[in-house]
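Asks: Compute the structure for the input listed below.
(chains A and B)
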2 protein chains.
Amino acid sequence: MYFNNPMWPGEAHSLKVENILFQGKSEFQEILVFESSAYGKVLVLDGIVQLSEKDECAYQEMIAHLPLCSIESPKRVLVVGGGDGGVLREISRHSSVELIDICEIDKMVIDVCKKYFPQLYVGFEDPRVRLHVGDAVEFLRHVPEGKYDAIIVDSSDPVGPAQELVERPFFETTARALRPGGVLCNMAESMWLHTHLIQDMLSICRETFKGSVHYAWASVPTYPSGVIGFLLCSTEGPPVDFLHPVNPIEKLEGNLKCGRELRFYNSEIHSAAFALPSFVRREVSILRNSPTPAQRICVS
Amino acid sequence: MYFNNPMWPGEAHSLKVENILFQGKSEFQEILVFESSAYGKVLVLDGIVQLSEKDECAYQEMIAHLPLCSIESPKRVLVVGGGDGGVLREISRHSSVELIDICEIDKMVIDVCKKYFPQLYVGFEDPRVRLHVGDAVEFLRHVPEGKYDAIIVDSSDPVGPAQELVERPFFETTARALRPGGVLCNMAESMWLHTHLIQDMLSICRETFKGSVHYAWASVPTYPSGVIGFLLCSTEGPPVDFLHPVNPIEKLEGNLKCGRELRFYNSEIHSAAFALPSFVRREVSILRNSPTPAQRICVS
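Replies: I've put the predicted structure just below:
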């Protein structure tokens, strides 16, 4: 039992381990896979649960479809992190997409997921996927301006190697790599535990992105406090109404391309994810730069 | 560390204990109050966390305002359980209310909360409150038909003494005690862990209540899987549109009567709470008896 993780001191969520399937140390982190009795197989990096078979649907579907359903016909998508393949699996439902670049720093995560999480790794088998093993900050430096319609940052917590991914230079680089009216979706911690960090990210993004900046959240039982947040930003250009998906998942023809039904995401959950508890509205000031009056209702 | 609770086998959420403030055994259950390092003071009954100072706002505000904001000018309200006083505190924001009956079986819970949770116990100080210590099933037998506008069931989990509160006779009795177009809000477990139980409750309520029957949920970090659900039912009579509050909290004049701002609930969170993940839609069949087309969109 560990109460000393700096991201959530004083509490711990424990899963009963039936069987340890893999334990190893890559160049970047310690990797553990175990079979739990209640949540199926679980992937742990540096002691922190990254995903479980039971609830990965909530995180992977939301982080992929919140941005991709908010723009018409996304074509070029970049995933930062996401070495388990789950986000790729979800992007592959979008038949408009022509290119999916993924930049994952740790090859061992990919190899381990190939063996133990085939229902996530399946995302890598999409022929539109191009894998780049390396540092995302370095990768983005060489991306032509305006290349992507959407960038999805599926990183681990901002302690250690992922620290850079919540800092100003990284957001500036992603904004540059997006076309006008392109969208960024970034994993953005827990509204119950990390309002200061969320506020910092929002402040930076308000200055960096000239379109709209929003915060959404979803229920994920195996994450600290049982929720995870998403930061959604758009660059200057055609306005993006994040709260009302223009590209609803229910109308996508390639929806079942990855071989399974959506388990968590739907268009109602999409809009509902932007409704924030009153304490979050007060503690986190969200920019009122929504393009429509309907959107303005849903920010504090 | 206990992995054997029948309501959530194979997992445990642990809070670091700074200081044990009270430990005792009432006629009905073991009662524990401790100071945690991350969630403030915590109330535990029979080993199960009932509330923490940090996140009680989500549960108390939702279970009270989801029903009370769904009807015009609620006047007479019954609370079943709720001996901590938090639900009373929230009801007291509604100035239309003239009578708040509360039927709590365990006097010791009330006494302990008076001492350790004054910001919840404050609910008992409202002059409209009438406390009845005893069994709610027995209490309801003597209630005149159609007495209440709203009944709120703030019970513990349906193992042991609260088992009766999820069974058919109890729902029939509450329906009888409600006026035509009156509303019931019942604590209804976790959509991640208890879909069978939720389905059972919904099936019974569909037969018992002739108005509408809906399921809503909220994020509460200290509850199993980080969420709690609410079953909302209305009796035959004036239709109730649970998804679009006719009595929005933002317009209530007595809103701050209990001495503090709302921390979680607002009208957007109200409507968003009815948006269900796709797996819940599939596993739980919800009655499509909504009075308006807008409502129909939000059930599976």
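Asks: just the helices in chain A please.
Replies: A:56-68, A:86-91, A:107-116, A:118-121, A:136-141, A:168-177, A:195-208, A:267-272, A:278-283, A:293-297 (DSSP state H).
Asks: Any chance of TSV for those helices, columns distance to B:S155?
Replies: Bear in mind the C-beta positions are built from the backbone N, C-alpha and C, glycine included. Converted to TSV, the helices of chain A look like this (distance: least, Cβ to Cβ, whole Å):
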stretch	distance to B:S155
helix A:56-68	27
helix A:86-91	37
helix A:107-116	41
helix A:118-121	38
helix A:136-141	49
helix A:168-177	47
helix A:195-208	32
helix A:267-272	26
helix A:278-283	26
helix A:293-297	34
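Asks: Could you list the low-pLDDT ranges of chain A?
Replies: A:1-4, A:158-162, A:254-255, A:257, A:286-300 (pLDDT under 70).
Asks: For it, which residue gets nearest to chain B?
Replies: Using Cβ to the nearest Cβ, the single residue of chain A nearest to chain B is A:G226, 1.5 Å away.
Asks: quick revisit: possible to save the helices of chain A as JSON lines with distance to B:S70 and mean neighbour count?
Replies: As requested, the helices of chain A are exported to JSON lines (distance: least, Cβ to Cβ, whole Å; neighbours: other Cβ atoms under 10 Å in any protein chain shown):
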{"stretch": "helix A:56-68", "distance to B:S70": "27", "mean neighbour count": "26"}
{"stretch": "helix A:86-91", "distance to B:S70": "35", "mean neighbour count": "28"}
{"stretch": "helix A:107-116", "distance to B:S70": "45", "mean neighbour count": "18"}
{"stretch": "helix A:118-121", "distance to B:S70": "40", "mean neighbour count": "18"}
{"stretch": "helix A:136-141", "distance to B:S70": "47", "mean neighbour count": "17"}
{"stretch": "helix A:168-177", "distance to B:S70": "41", "mean neighbour count": "19"}
{"stretch": "helix A:195-208", "distance to B:S70": "30", "mean neighbour count": "18"}
{"stretch": "helix A:267-272", "distance to B:S70": "17", "mean neighbour count": "22"}
{"stretch": "helix A:278-283", "distance to B:S70": "18", "mean neighbour count": "17"}
{"stretch": "helix A:293-297", "distance to B:S70": "19", "mean neighbour count": "13"}
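Asks: Make a markdown table out of these and add distance to chain B.
Replies: Formatted as a markdown table, those follow (distance: least, Cβ to the nearest Cβ, whole Å):
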| stretch | distance to chain B |
| --- | --- |
| helix A:56-68 | 7 |
| helix A:86-91 | 13 |
| helix A:107-116 | 19 |
| helix A:118-121 | 15 |
| helix A:136-141 | 29 |
| helix A:168-177 | 27 |
| helix A:195-208 | 12 |
| helix A:267-272 | 4 |
| helix A:278-283 | 5 |
| helix A:293-297 | 7 |
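Asks: correct me, but A:D46 touches A:K25?
Replies: No. A:D46 sits out of contact with A:K25 when judged by Cβ atoms under 8 Å, with a separation of 9.9 Å.
Asks: Those two: which has the busier surroundings?
Replies: Legend: neighbour count by other Cβ atoms under 10 Å in any protein chain shown for A:D46 and A:K25, higher for A:D46 (17 against 11).
Asks: Skipping adjacent residues, who's closest to the more buried one in space?
Replies: Nearest non-adjacent residue to A:D46, counting by Cβ to Cβ, 6 or more residues apart in numbering or on different chains: A:Q29, 4.8 Å away.
Asks: how far away is that neighbour from B:F34?
Replies: Remark: distance between A:Q29 and B:F34 (Cβ to Cβ, to the nearest Å) = 35 Å.
Asks: now swap in A:W217 and tell me
Replies: From A:W217 to B:F34 the distance is 28 Å (Cβ to Cβ).
Asks: So between the two, which is more surrounded?
Replies: A:W217 (24 against 19).
Asks: beta partners for the more buried one?
Replies: A:G229 (DSSP bridges).
Asks: Same question for A:V17.
Replies: Beta-bridge partners, per DSSP bridges, of A:V17: A:S36.
Asks: Chain neighbours aside, what residue packs nearest to A:N19?
Replies: Per Cβ to Cβ, 6+ apart, closest to A:N19 is A:E35, 4.2 Å.
Asks: For the one you found, give its distance to A:D46.
Replies: For A:E35, the distance to A:D46 (Cβ to Cβ) stands at 20 Å.
Asks: Please apply the same query to A:K16.
Replies: A:K16 is 21 Å from A:D46, where distance means Cβ to Cβ.
Asks: cool, A:S73 as well?
Replies: From A:S73 to A:D46 the distance is 38 Å (Cβ to Cβ).
Asks: And for A:W217?
Replies: Distance from A:W217 to A:D46, by Cβ to Cβ: 24 Å.
Asks: What residue, apart from its backbone neighbours, is nearest A:D101 spatially?
Replies: Nearest residue to A:D101, sequence neighbours excluded (Cβ to Cβ, 6+ apart): A:L78, at 4.7 Å.
Asks: from what I can see A:I31 touches A:I48, true?
Replies: No. Look at A:I31 against A:I48 with Cβ under 8 Å: they stay out of range, at 11.3 Å.
Asks: These two: which has the busier surroundings?
Replies: Just comparing A:I31 and A:I48: by other Cβ under 10 Å the higher neighbour count belongs to A:I31, 21 against 18.
Asks: In contact with the spatially closest residue to A:C69 that is not a sequence neighbour, which residues are there?
Replies: In this structure, A:C69 finds its nearest non-sequential neighbour in A:P245, 3.9 Å apart by Cβ to Cβ, 6+ apart. Neighbouring residues of A:P245 by Cβ atoms under 8 Å, 6 or more residues apart in numbering or on different chains: A:H65, A:C69, A:S70, A:S267, A:H270, A:S271.
Asks: I'd assumed A:L68 was in contact with the fifth one.
Replies: No. At 10.6 Å, A:H270 and A:L68 do not qualify as touching, with contact defined as Cβ under 8 Å.
Asks: Give the bridge partners for A:N186, please.
Replies: Going by DSSP bridges, A:N186 is paired in beta bridges with A:V153, A:L231.
Asks: Now do the contacts for it.
Replies: A:N186 is in contact with A:I152, A:V153, A:S155, A:L165, A:V166, A:M201, A:F230, A:L231, A:C233, counting by Cβ under 8 Å, 6+ apart.
Asks: Setting aside sequence neighbours, what's the nearest residue to A:E268?
Replies: Using Cβ to Cβ, 6+ apart and skipping residues adjacent in sequence, the residue nearest A:E268 is B:A275, 4.1 Å away.
Asks: so A:M108 touches A:Q23, yeah?
Replies: No. Using Cβ under 8 Å, A:M108 makes no contact with A:Q23, being 11.8 Å away.
Asks: what touches both of those two?
Replies: By Cβ under 8 Å, 6+ apart, A:M108 and A:Q23 have these common neighbours: A:I31.
Asks: returning to that earlier point: residues touching the residue nearest to A:N19, list them.
Replies: Neighbouring residues of A:E35 by Cβ under 8 Å, 6+ apart: A:V17, A:E18, A:N19, A:I20, A:L21, A:K41, A:V42.
Asks: hey, C-alpha coordinates of stretch A:191-206 in CSV?
Replies: Presented in CSV, the C-alpha positions along stretch A:191-206 are these (Å, rounded to 0.1, in the frame of the first residue of the first chain):
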residue,chain,number,x,y,z
MET,A,191,-10.9,17.6,-11.4
TRP,A,192,-11.1,16.3,-7.8
LEU,A,193,-7.3,16.3,-7.2
HIS,A,194,-5.5,18.5,-9.6
THR,A,195,-7.4,21.8,-10.2
HIS,A,196,-4.1,23.8,-9.9
LEU,A,197,-2.5,21.7,-12.6
ILE,A,198,-5.6,22.0,-14.8
GLN,A,199,-5.7,25.7,-14.3
ASP,A,200,-2.0,26.0,-15.3
MET,A,201,-2.7,24.0,-18.5
LEU,A,202,-5.7,26.0,-19.3
SER,A,203,-3.9,29.3,-18.8
ILE,A,204,-1.1,28.2,-21.2
CYS,A,205,-3.5,26.9,-23.8
ARG,A,206,-5.7,30.1,-23.7
